[in-house]
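# got a predicted structure plus its sequence, pasted below:
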Amino acid sequence: MAEKKKKNESDGKWFGPYKGSKENGGRPTYVHKKKVGDKWVSSSSNKARVDYEKKTGKKLSKDQTVDHKDNNHNNDSKGNLRVLSRSANTAKENKRRAGKKENEK
């Protein structure tokens, strides 16, 4: 059963974490619902990103991503998370995947 997270009412409501889809590598996500005018608007955020922002009190820009230092996406401890630019995180992941393919030969 998913845990319901609630911030102040003006910020909307947070739900989750939920298991991610194949498209995002199965990484857990939170769903955020807020009222805009007379309609409810939903968005989703990566669990590690939300947890990092909550633990550090820092709001990340869209070009920043949260990286797991040990590559274990289930380890969301504060000491295992760090901020990388989107390009640096993509390069790290590509390097990891290339090494993985090399080891499979």
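Okay, I see it.
# okay, residue 43: pLDDT?
Looking at residue 43, its pLDDT stands at 91.
# again but with residue 89, I slipped
90.
# hang on, isn't it packed against residue 63?
No - the criterion here is Cβ atoms under 8 Å, and residue 89 misses it with residue 63 at 10.3 Å. In short, each C-beta sits where N, CA and C put it, glycine included.
# these two - which one has more neighbours?
Taking other Cβ atoms under 10 Å, residue 89 and residue 63 do not tie; residue 89 has more neighbours (17 against 8).
# run through who's touching the strand or helix carrying the more buried one.
Element membership of residue 89 [criterion: DSSP states H and E] is helix 86-104. Outside helix 86-104, the residues that touch it by Cβ atoms under 8 Å, 6 or more residues apart in numbering are 63-65, 67, 71, 84.
# adding pLDDT, secondary structure and distance to residue 47, write those residues out as a markdown table.
Shown next, in a markdown table, are the contacts of helix 86-104 (pLDDT from 0 to 100; DSSP: H, G, I helix; E, B strand; the rest coil; distance: Cβ to Cβ, whole Å):
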| residue | pLDDT | secondary structure | distance to residue 47 |
| --- | --- | --- | --- |
| 63 | 93 | coil | 20 |
| 64 | 95 | strand | 16 |
| 65 | 93 | strand | 13 |
| 67 | 92 | strand | 14 |
| 71 | 86 | coil | 16 |
| 84 | 94 | strand | 17 |
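# many thanks, have a good one.
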